[in-house]
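S.K.: here is the input, now give the coordinates:
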Amino acid sequence: MAESEHSRRGGGRLLMGAAWAVLLLGLWLWGREITEVRQAMSAPVSGDVAAVGRPQQVELPPAARPLGDALPQRLDIPDLDVRAPVVARGLDPRGAIDPPPYDRPGTVGWYASGAKPGAAGAALLVGHADTATRPAVFHRIAALKPGATIRVLRDDGRVAEFTVDTVRVLTRDRFDAHQAYGARHAGRAELRLITCGGTFDPAAHAYTANVIVSAYLTGTGL
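M.R.: Got it, this is the predicted structure:
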């Protein structure tokens with residue numbers, strides 16, 4: 001390979017890596033800063049990452065083969081009685097995923113430049129934990145357990161069925177963006193539900209942690 005071509009390819013990989021790092025940092029900042037709510041509405045969540053994410057001796061099913069690309073339309077979490085519309089979102093000026101507006105607390109945002117739910121890669125879904133007056137769509141996701149089912153209705157008419165494998169509460173001082181948001185297994189279809197957690201710090205006007213629910217594709221339906 002010519003040196004100039006090698007340099008171009010190396011430069012391309014470097015730029016892609018830098019862009020990914022910026023996105024992950026933005027996601028972390030989203031969890032730290034964007035939810036400006038009153039302390040009375042905050043939902044304290046354990047900061048013990050190991051306790052929350054520890055497998056509960058549940059035998060998890062094998063991963064299913066990834067689906068083709070299709071846009072997500074609705075997110076269902078049967079254990080939490082959640083049925084929420086999904087809307088495509090981009091990045092805000094800080095490089096964080098721009099979540100749904102506060103006047104749509106029951107809506108989930110999907111990072112449209114990333115993987116599509118059901119396709120290979122880690123699809124990122126963000127939602128508010130609460131607003132200034134009431135709980136929001138992801139208020140109780142820290143209560144999910146390994147083995148729980150998450151379904152995503154897609155615009156191709158198929159339902160991507162995911163199984164939760166871990167639920168983690170990552171505090172600011174222990175936060176690892178790549179571990180939280182990156183794909184864990186190459187070629188597997190994965191899903192991340194992301195919201196604020198811990199307790200609300202009124203001085204910093206931010207939550208003290210992020211709740212990260214990780215799931216992987218285990219089946220499909222129509």
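S.K.: for stretch 82-95, buried residues please.
M.R.: Using 16 or more other CB atoms under 10 Å as the burial criterion, the residues of stretch 82-95 that qualify are 82, 84, 86, 87, 89, 91, 95. (Each C-beta comes from the backbone N, C-alpha and C, glycine too.)
S.K.: export only the CA atoms of that stretch, formatted as PDB.
M.R.: The C-alpha trace of stretch 82-95 is given here as PDB (Å, rounded to 0.1, in the frame of the first residue of the first chain):
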ATOM      1  CA  VAL A  82     -44.500   1.700  29.000                       C
ATOM      2  CA  ARG A  83     -45.800   2.200  25.400                       C
ATOM      3  CA  ALA A  84     -44.000   5.200  24.000                       C
ATOM      4  CA  PRO A  85     -43.600   6.800  20.600                       C
ATOM      5  CA  VAL A  86     -40.100   7.000  19.300                       C
ATOM      6  CA  VAL A  87     -38.800  10.100  17.400                       C
ATOM      7  CA  ALA A  88     -35.500  10.500  15.600                       C
ATOM      8  CA  ARG A  89     -33.100  13.000  17.200                       C
ATOM      9  CA  GLY A  90     -29.800  14.500  16.400                       C
ATOM     10  CA  LEU A  91     -27.100  16.300  18.400                       C
ATOM     11  CA  ASP A  92     -27.400  19.600  20.200                       C
ATOM     12  CA  PRO A  93     -24.700  22.300  19.900                       C
ATOM     13  CA  ARG A  94     -22.800  20.600  22.700                       C
ATOM     14  CA  GLY A  95     -22.600  17.400  20.900                       C
END
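S.K.: residue ranges in the protein under the pLDDT threshold?
M.R.: Low-confidence segments of the chain, defined by pLDDT under 70, are located at 1-56, 175, 201, 204-207.
S.K.: 80 instead, please
M.R.: Flagging of the chain using pLDDT under 80 yields the residue ranges 1-57, 92, 94-98, 132, 172-181, 197-209, 222.
S.K.: can you map out the helices along this protein?
M.R.: For the chain, helices defined by DSSP state H occupy the ranges 3-33, 49-53, 177-181.
S.K.: need the max-distance pair from the buried residues of stretch 82-95.
M.R.: 82 and 95 (27.9 Å; CB to CB).
S.K.: now residue 211, nearest residue through space, not along the chain?
M.R.: residue 197 (3.8 Å; CB to CB, 6 or more residues apart in numbering).
S.K.: can you check residue 213 too?
M.R.: Spatial nearest neighbour of residue 213, chain neighbours left out: residue 193 (4.0 Å); criterion: CB to CB, 6+ apart.
S.K.: hang on, the earlier thing: okay, and the beta partners of the residue nearest to residue 211?
M.R.: residue 209 (DSSP bridges).
S.K.: that one - how many residues pack around it?
M.R.: In terms of burial, residue 197 registers 27 neighbours under the definition other CB atoms under 10 Å.
S.K.: then residue 171?
M.R.: Once other CB under 10 Å is used to define contacts, residue 171 is seen to have 15 neighbours.
S.K.: in the chain, which spans are strands?
M.R.: If you assign secondary structure with DSSP state E, the strands in the chain sit at 72-77, 82-89, 108-111, 121-126, 149-154, 159-171, 189-201, 206-221.
S.K.: among the ones you listed, which is nearest residue 62?
M.R.: The nearest among those, by CB to CB, is strand 206-221 at 7.2 Å.
S.K.: so what does the closest one touch, helix or strand wise?
M.R.: Identification of packing neighbours for strand 206-221 by 3 or more CB pairs under 8 Å, 6 or more residues apart in numbering; DSSP states H and E yields helix 3-33, strand 149-154, strand 159-171, helix 177-181, strand 189-201.
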